[in-house]
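Engineer: Make a model of this:
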Amino acid sequence: MNFIFRAALSFLAAAFVLSSCTKEDNISEGSESTETVSGVTIPYTVTVSREPETRATVDGDMRTLCFAEGDKLYIGGFGVKGVLDIQTGVGETSGATFSGKLTYTGQGKIPDNFLLLATLVSAQQTVGKEVSVDGKGVVSVNYPRNEYCATLEEAVQRYSLLEGWGIYSMESFSLSQSTAFLNFEMTFEDDTPVGTEISAAVTTNRDNGPICTANVTTREENGKVVAKFVLPQAASSALNNASVKLGEGDGVSFGANGKKLEGKVYNVNKVVFSRPMNEIPLTVKALTAGTVKVDIIGTLSTGMKYSVNGVEKTLITETRDIPVSAGDKVQFYGNGTSTQVYGNYPKVRIQGGGDGFKCKAYGNIMSLLDEDGFATKTDLPNESQVFSSLFSGNTALTDASDLLLPATSLTERCYEGMFSLCSALTKAPALPAETLASFCYSGMFRSCTALTRAPKLPATTLANYCYLEMFLGCSALTTAPDLLATKLVQGCYARMFFNCTSLNSVKCLATSGIAENDSTYEMLVGVAATGTFHLANGVLWTLGNISGIPSEWTGRYPDGVIMSNPFPMIQALPRHLGKVIGSDGLVYESGPSADHVGVTPIAVIAYTPPTGNYMAVSIREDSDSFVNWYDAKKICEGKTKPSGFPVTWLLPDYDDWKAVLKANGGNEYSIMGLNTLITDAGGESFFLNLPYWTSTLSQQYADWAFALDLTDGKVKYTGYSTYNKICVRSFLLFISVGH
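Structural biologist: Numbering: from 1, shown residues only. Presented below is the predicted three-dimensional model:
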């Protein structure tokens, strides 16, 4: 707990003491005399809980730090201190009881509202010098500056600072975790051997030295060279663009600017390379023992080379099996600077073999094109299928996230089928190219059934069939990469996500070329039953799997408005109550949905009888001012009708109003249901305290007509002189064949 908070608690405690002293003469005669004398010991039992959101975890299963034998509760406050031992609750995360004695050196009786600070200290923390208690009973956990814990569980047990405060008379405390734990797992891909001793220093961007250090030794784990260590830190520390420097190597950044460490475990998983990725040749690393197989159909004209763990390069022109042990690295090169194609004929595929064999791929793929100058090479030969199917069918490949594909301008079919049928692949490489070519990514990840996250696609200008079947059959993929192009071209997204059975979210910014020239043909056939399609403003996609948005998905504009699948009002069904009729005579999801595609919303469907006319209510007031009955009829009957449909605008009569009100709430004496229907569709609310004209004239009084008086939403039918000026809202009557 920081100094300011401690000072605040001390100040409050002092205030309580001063308050009690002024009332010392009023202490009840029934008070226990042992608590009114300075310097006495007082028996004290408390119940202790922990704030659940601040518990530090001790392993990947999220087990929490439990109360344990030997735990002690240190109590401090002005004139009060003591140590309580655990009585019940061992093995529990909350609700333990602690008992012991407090020493009170203040004046008079301890006030009931006296503020106490409690700190839980585990048995492990009392072994060394981790804990100190000052003369006032305030506990401090002394964090080491040059030590570390090998495991997270050890760190949580030894260095947790669980603090809280409570009122003396309440006899309970709620403790929060004030320590944060940096849990590092560093994986070395820089040929660092097992058993290497490394000094790790965590620093921020402030020039004030490391915030914590550790001396660690690398070890082998699942075929990897790793270093694992835990550094506990006080909650007041901030990551602030922090990095960990291992030995003399460059710092590896892991922190967010200004992010404060607060009572949690921060898992920092990093891969350390000896040099920039562009300088590392295409490498396949064996995670288990097996075989890396170079399958060559035909004969390579210039050949390719490989080396194992950086030793002498070997030239190959035909199929070759390369036995490997766990941790071995196979590097691949072209033969000199003679550029060749690996994906047409002959066709080269890098495979894996052996029971349970697993591998990963990383490094610069350009080493296959230029043995010596690949680090700076970013252009592809102007030929088709340069790297087509390079890893196709490699069921041992699990990770290609550090594979570098640096070309910014692609060529025809260059990456076609590169990872198709790689059923164990969980991580894909970045795809930085912004200039595409026809079929360049066609089927690149076809049937990668373990892939859960797609790489970003930054290109905004497309080429014919560029993404054809790119993720077809990626059944674990839930979210598509953002599709940024505004203009679609022939076959560009055709079958792109075909049979991605878990896919439920797509963002596409296309504004032209949609569903034209097979641009979106079967793009989303076989995806999740429901999902969200985020589309550009002003665009109307069709619903339907073949070339549009799946019919049960929701299309949303950037402001959250739902996209419509408009249809002629003559096809309206009873379930379309509350939908909006546009000026084009089509039915839309809502007023804003029509607005998004440049159509003026005119009415909300409010009555769908089994026979007869459907009725829609004007989406807005028909006059900016109050009007008499004669003008109200003229305004309503003179409104522009949607062309091509038999419709009638009119001033509704007494029975029209009743039918509409009953259809929306079942009560002809309440406007609230109808009002909600209209406002939910984006329309204007009724004036809930004003009258509205009907077309029904009085049979008893000349020049009188009925109106709906709306008082707090309740409807009364009242007669008004036809020369009175009140509100007007028109109805639209139309025929539907959807009864």
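Engineer: What count of nearby residues applies to the residue nearest to Gly531 when sequence neighbours are not counted?
Structural biologist: Excluding the flanking residues, the one nearest Gly531 by C-beta to C-beta, 6 or more residues apart in numbering is Asn504, at 3.5 Å. No exception for glycine: its C-beta is placed from N, CA and C like everyone else's. Under the neighbour criterion other C-beta atoms under 10 Å, Asn504 is assigned a count of 19.
Engineer: Can you report phi and psi for Asn504?
Structural biologist: phi -140, psi 10 (degrees, to the nearest 10).
Engineer: wait, it sits on Leu477?
Structural biologist: No - if you go by C-beta atoms under 8 Å, Asn504 and Leu477 don't touch, sitting 9.8 Å apart.
Engineer: still on that earlier bit, could you measure from the residue nearest to Gly531 over to Tyr467?
Structural biologist: 19 Å (C-beta to C-beta, to the nearest Å).
Engineer: burial of Val627, as a residue count?
Structural biologist: Neighbour count for Val627, taken as other C-beta under 10 Å: 19.
Engineer: For the residue nearest to Gly531, give me its contacts.
Structural biologist: Contact partners of Asn504, counting by C-beta atoms under 8 Å, 6 or more residues apart in numbering, are 478-479, 527-528, 530-532.
Engineer: Now do the same contact list for Tyr362.
Structural biologist: 189, 277, 280, 283, 285, 399-404.
Engineer: can you give me the strands for the stretch 1-150 of the chain?
Structural biologist: 40-50, 72-77, 80-88, 96-104, 115-121, 131-133, 139-141 (DSSP state E, counting those that start in this stretch).
Engineer: helices or strands next to the second one in the packing?
Structural biologist: Spelled out, it's strand 72-77. Here strand 72-77 touches strand 40-50, strand 80-88, strand 96-104, strand 115-121, going by 3 or more C-beta pairs under 8 Å, 6 or more residues apart in numbering; DSSP states H and E.
Engineer: does Asp655 count as helix, strand or coil?
Structural biologist: Reduced to three states with DSSP: H, G, I helix; E, B strand; the rest coil, the structure at Asp655 is helix.
Engineer: Give me the distance between it and Met615.
Structural biologist: Distance from Asp655 to Met615, by C-beta to C-beta: 11 Å.
Engineer: For these two, indicate the residue with more neighbours.
Structural biologist: Between Asp655 and Met615, Met615 has the larger neighbour count (other C-beta under 10 Å), namely 23 against 11.
Engineer: before we move on, back to that, so of the contacts of Asn504, which ones are in strands?
Structural biologist: Cross-referencing the contacts of Asn504 against strands under DSSP state E gives Thr532.
Engineer: circling back: do you know how far the residue nearest to Gly531 is from Ser475?
Structural biologist: From Asn504 across to Ser475, the span is 12 Å (C-beta to C-beta).
Engineer: what does Thr679 give?
Structural biologist: Thr679 sits 42 Å away from Ser475, taking C-beta to C-beta as the criterion.
Engineer: Check Gly100 too.
Structural biologist: Counting by C-beta to C-beta - Gly100 and Ser475 are separated by 60 Å.
Engineer: now the helices for the protein?
Structural biologist: 3-22, 152-159, 591-596, 629-637, 654-663, 672-680 (DSSP state H).
Engineer: Let me see the contact set for the nearest residue to Phe98 once chain neighbours are set aside.
Structural biologist: Nearest-residue entry for Phe98: Leu84, 3.8 Å, with adjacent residues in sequence omitted and distances by C-beta to C-beta, 6+ apart. For Leu84, the contact set (C-beta under 8 Å, 6+ apart) comprises 44-46, 72-73, 75, 98-100.
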